[in-house]
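*Asks:* Predicted model, plus sequence, below.
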Amino acid sequence: MFRFATILTLASATALSAHAAPVPEQWKQLTVMDGIAFSIDLDSVRTVNGQRHARLRTTFIDPNNKTIGFFDIAADCKARTIDTLHVDITNESRVLARQDHQPGEKRYMLDDEEGKLMAPYLCP
């Protein structure tokens, strides 16, 4: 009986740890501007309450600059606007900045180069 319970405990722990594993990311580089690469995680694109959500990443081309920005965004495809829901700026394991959505911080998708490049992935 002890062995069976131990096996069940180990199996449960393994299943829980596998379930908690991070979702794989599939980054698609959109463009490079001013030494910064802009990418979108294709696996993160989904519809939530009628909006298209995705995760963007910015990285510096300079290998000595380890700063990375992650942006959780929501696109309103009819209005052609993007809302930034959350921003994390990190440098290796240190969080440099973290900010949640600020009301009124919308921009039109077609206003800038990366917006034009995101549109086909967010609003197919």
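*Replies:* That came through fine.
*Asks:* burial of Trp48, as a residue count?
*Replies:* Slight slip there: residue 48 is Val, not Trp. Using other Cβ atoms under 10 Å, Val48 has 9 other residues around it. The way it works is simple: take the backbone N, C-alpha and C, and place the C-beta from them, glycine included.
*Asks:* which ones are touching it?
*Replies:* Ala74 (Cβ atoms under 8 Å, 6 or more residues apart in numbering).
*Asks:* What separation is there between the residue nearest to the spatial centre of the chain and Lys116?
*Replies:* Within the chain, the residue whose C-alpha comes closest to the C-alpha centroid is Arg55; the distance, by Cα atoms, centre = their mean, is 2.3 Å. In this view, Arg55 and Lys116 are 19 Å apart by Cβ to Cβ, to the nearest Å.
*Asks:* re earlier: quick one: the residue nearest to the centre of the chain is in a strand?
*Replies:* Yes. Under DSSP: H, G, I helix; E, B strand; the rest coil, Arg55 sits within a strand.
*Asks:* residues in contact with it?
*Replies:* Per Cβ under 8 Å, 6+ apart, neighbours of Arg55: Glu25, Ile40, Asp41, Ser44, Phe70, Phe71, Asp72, Ile73.
*Asks:* can you check Ala54 too?
*Replies:* Applying Cβ under 8 Å, 6+ apart, the residues near Ala54 are Ile40, Asp41, Ser44, Val45, Arg46, Asp72, Ile73, Ala75, Met118, Tyr121, Leu122.
*Asks:* what's near enough to touch the nearest residue to it once chain neighbours are set aside?
*Replies:* Computed as Cβ to Cβ, 6 or more residues apart in numbering, the closest residue to Ala54 that is not its neighbour in sequence is Val45, at 4.6 Å. For Val45, the contact set (Cβ under 8 Å, 6+ apart) comprises Arg52, His53, Ala54, Tyr121, Leu122.
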